[in-house]
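Visitor: Fold the following.
(one chain, ligands or ions: 1)
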Amino acid sequence: MVKIPVFEVEQWMDEYELTPGVLNIAETCACSVSISELSELSSSSAGDSSQPASSIIDFSRPMTYGAILGSDELRRNIAGLYSEEGIDNASVAPEDVIVTQGAIAANHLVFYSLVGPGDHAVCVYPTYQQLYTIPETLGAEVSLWKLKAEDGYVPDVSELEKLLKSNTKMIVINNPNNPTGATIPADILTKIIKIARERNIIVFSDEVYRPLFHGSPGPPSALSLGYEKVVVTSSMSKAWALAGIRVGWATSLDKDIIKRIAIARDYTAISVSQLDDQVARFALSDAVRPALLKRNMELAQTNLALLDTFVQDHADVCSWVKPTAGTTALVRFARGDGQPVDDVAFCKDVLDKTKVMFVPAGLCFGHERDFRGYVRIGYVSDTEVLRQALKNLSAYVAENLK
Ligand SMILES: Cc1ncc(COP(=O)(O)O)c(C=O)c1O
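Guide: Numbering: from 1, shown residues only. So this is what the prediction gives:
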C-alpha cells in the first residue's frame, strides 16, 4: 500500500474555512463567480443582451458520460488559450488537450503516467505540495529546487544543473508560483527548456494561475517554447474564478504523453461532468472570456495594491517579495525584536481573535519548517473582505507584535 503524507494546505483549509464569520484571505481562487454573473458578463463583452443563465446548460441533453476526453468545443477553447494575444504561439490542437476534474487530477495523472521507481524528478520549492509529494509516493526520487527570497523567488538555473542526475525524468515548475506569486520570466524558461532538451527530460509546468499577470503580459506558456516534451496543466479554478465546476486540463504537443495520460485517465475519471463541461466552454468562449479575465485582473490589481499598502505600513514587523502574478503572496511576520512568529500559532491566534484566516507557510509549504514566520495570503478575495481583514490584522499587529 502506498503511504500518502497529509496534504497540509488542504487540511488547513478544510479545518478553518467554514469558521463562522471568517474573513477568508487564505483562498487562492480569484473571487468565485456564480452562473448568473457569468451570464451577465457575456452581455458586457458582446455589447448586446446577455445570454440567459438558463441557456448555458442544455437541459434536454441526456446525462450520458458525454465526450470522454472533454467536448470538442471545450477542448477547442482551451487550445485557443495557448495562441492568444501574441504572447503564446503554440499551435495546440483540441486533440492535444485532455479535460480533467480540476488541475489537481491533471497533475496526478501527469505523474501517474510519466514517473515511477528508478526515476528522478526535480521540483521547484516552495510550491503546491502535490507537485513533489505525489512523484515521491509513486517511488520516484525528488530533489527540491529551492527558490530564494533574495532572487525574487525566480529559479536559479545554475542550481538546476547541479540537481540533475543521469536518471532525471522530469523537471517540475509552477508558473506563476503558489505560494510566492512570482513569475518565471521568458529568458529563464528558455534556459530550462534548453537544459531539458539536451538531456531529453520532460518539463512539467503547472500553470493554474496563468494568465493573471499583474503588470506586463507575462512570459509565454512553457508549451510555446518549441520543445515537444512539455506538459502543461491548468484549470478553471484560479484565473477563471470557477473552482466549483471542477474542470481542469493537461496539454502537451507530444502525442505519446497525451496518449499515456488518456490511458491512465480511463482508470480514474472516465469523463468530466457534462454540466461542468458546458459551463467551462461558455466561460472560455469569445463572448465571455475577455470580460471574465478583465474582472479577475482588475480584482487582483486592486487587492494587491491594498495588501502592498498594508505591508508598507507595517514594515517594522512585515516583509515580502511583492508578487508579480497569480493570487497568492508569501508574507513574513516578525515580532518587534525581529524574531519570526511561530506561523502555526500566529495563524490560529489571528483567526481566533480577529476572524482573519490565512495559511501558515512553515507547515503547509515547507519541509523542516523552511518558512518559519511566513504566512500565505490569498488576496484576490472580495475586495471588502480583504479590506476588513487587513483592518482587523492592523489592530492585531499593533496589540500583539509591536
Ligand atoms: C499550483 C496549484 N496547482 C493545482 C491546484 C489545484 O487546483 P484545481 O484542482 O482547483 O484546479 C492548486 C490549488 O490550489 C494549485 O495551487
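
Visitor: interface residues of the protein facing the ligand?
Guide: 28, 102-104, 107, 128, 174, 178, 206, 208, 235, 237, 243, 248 (CB under 6 Å from any ligand atom). (C-beta placed from N, C-alpha, C; glycine too.)

Visitor: tell me the two of those residues that are most distant?
Guide: Greatest spatial distance in these: Asn174 and Ala243, 17.4 Å, computed using CB to CB.

Visitor: neighbour count winner among the two?
Guide: For Asn174 versus Ala243, neighbours defined as other CB atoms under 10 Å are more numerous around Asn174 (28 against 18).

Visitor: wait, what's in contact with the more buried one?
Guide: Val124, Thr127, Tyr128, Leu131, Ser205, Asp206, Glu207, Val208 (CB atoms under 8 Å, 6 or more residues apart in numbering).

Visitor: Go again with 6 Å.
Guide: Val124, Thr127, Asp206 (CB atoms under 6 Å, 6 or more residues apart in numbering).

Visitor: Please narrow those residues to those residing in strands.
Guide: Val124, Asp206 (DSSP state E).

Visitor: quick check, nearest of the contacts of Asn174 to Val341?
Guide: Thr127 (22.7 Å).

Visitor: ok so, going back, return the member of the contacts of Asn174 nearest to the ligand.
Guide: Asp206 (4.8 Å; CB to the nearest ligand atom).

Visitor: Does Ile263 belong to a helix, a strand or coil?
Guide: Secondary structure, DSSP: H, G, I helix; E, B strand; the rest coil: Ile263 is helix.

Visitor: Can you name the residues that contact the closest residue to it other than its chain neighbours?
Guide: Nearest residue to Ile263 in three dimensions, chain neighbours excluded: Ser113, at 7.0 Å (CB to CB, 6 or more residues apart in numbering). The contact partners of Ser113, by CB under 6 Å, 6+ apart, come to Arg260, Ile261, Ala264.

Visitor: Same check on Ala329?
Guide: Counting by CB under 6 Å, 6+ apart, Ala329 has contacts Gly181, Trp320, Pro323, Ile377.

Visitor: Skip ahead from the helix or strand of the chain with the lowest mean pLDDT and say which helix or strand is next.
Guide: For the chain, counting by mean pLDDT, DSSP states H and E, helix 35-46 ranks last in confidence among helices and strands (a mean of 79). Per DSSP states H and E, the first helix or strand lying C-terminal to helix 35-46 is helix 72-80.

Visitor: quick one: low-confidence parts of this protein?
Guide: Applying pLDDT under 70 to the chain picks out residues 43-49, 84-88, 368.

Visitor: longest single helix anywhere in it?
Guide: Scanning the chain for the longest helix, with DSSP state H as the assignment, gives helix 289-313.

Visitor: What lies in contact with the next helix or strand after that helix?
Guide: Using DSSP H and E, the helix or strand that follows helix 289-313 in sequence is strand 318-320. Contact with strand 318-320 is made by Val311, Ala329, Val331, Arg332, Phe333, as judged by CB under 6 Å, 6+ apart.

Visitor: could you show me where the helices are in the protein, in order?
Guide: Going by DSSP H, the chain shows helices at 8-16, 35-46, 72-80, 102-114, 130-137, 157-163, 186-199, 255-266, 274-283, 289-313, 343-354, 361-364, 383-400.

Visitor: quick one: contacts for the residue in the chain that the ligand sits nearest to?
Guide: In the chain, the residue that lies nearest the ligand is Gly102 (2.6 Å; CB to the nearest ligand atom). For Gly102, the contacting residues are Ser235, Arg246, Gly248, by CB under 6 Å, 6+ apart.

Visitor: Output those residues in JSON lines, with neighbour count and distance to Lys165 appended to each entry.
Guide: What follows is the contacts of Gly102, written out as JSON lines (neighbours: other CB atoms under 10 Å; distance: CB to CB, whole Å):
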{"residue": "Ser235", "neighbour count": "30", "distance to Lys165": "31"}
{"residue": "Arg246", "neighbour count": "19", "distance to Lys165": "36"}
{"residue": "Gly248", "neighbour count": "26", "distance to Lys165": "30"}
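
Visitor: Quick check: the farthest pair among the contacts of strand 318-320?
Guide: Among the contacts of strand 318-320, Ala329 and Phe333 lie farthest apart (CB to CB), at 12.3 Å.

Visitor: before we move on, the earlier item: neighbour-wise, which of the contacts of Ala329 leads?
Guide: Result: Ile377 is most packed of the contacts of Ala329 (other CB under 10 Å), 31 neighbours.

Visitor: residues contacting that residue?
Guide: Ile25, Ala329, Val331, Phe358.

Visitor: Tell me how far the last one lies from Leu304.
Guide: What that stands for is Phe358. Distance of Phe358 to Leu304, given as CB to CB, to the nearest Å: 15 Å.

Visitor: These two: who's more crowded?
Guide: More crowded of Phe358 and Leu304, by other CB under 10 Å: Phe358, with 27 against 22.

Visitor: isn't the more buried one right up against Glu27?
Guide: No: applying CB atoms under 6 Å, one finds Phe358 not in contact with Glu27, separated by 9.5 Å.

Visitor: Now stretch 160-172: buried residues?
Guide: Neighbour-count burial for stretch 160-172, counted by 16 or more other CB atoms under 10 Å, picks out Leu160, Leu163, Leu164, Thr168, Lys169, Met170, Ile171, Val172.

Visitor: Identify, from those residues, the entry nearest to Arg295.
Guide: Val172 (30.5 Å).

Visitor: Not counting sequence-adjacent ones, nearest residue to that closest one?
Guide: Per CB to CB, 6+ apart, closest to Val172 is Cys123, 4.0 Å.

Visitor: can you check Glu73 too?
Guide: Using CB to CB, 6+ apart, the closest residue to Glu73 is Arg281 (4.8 Å).
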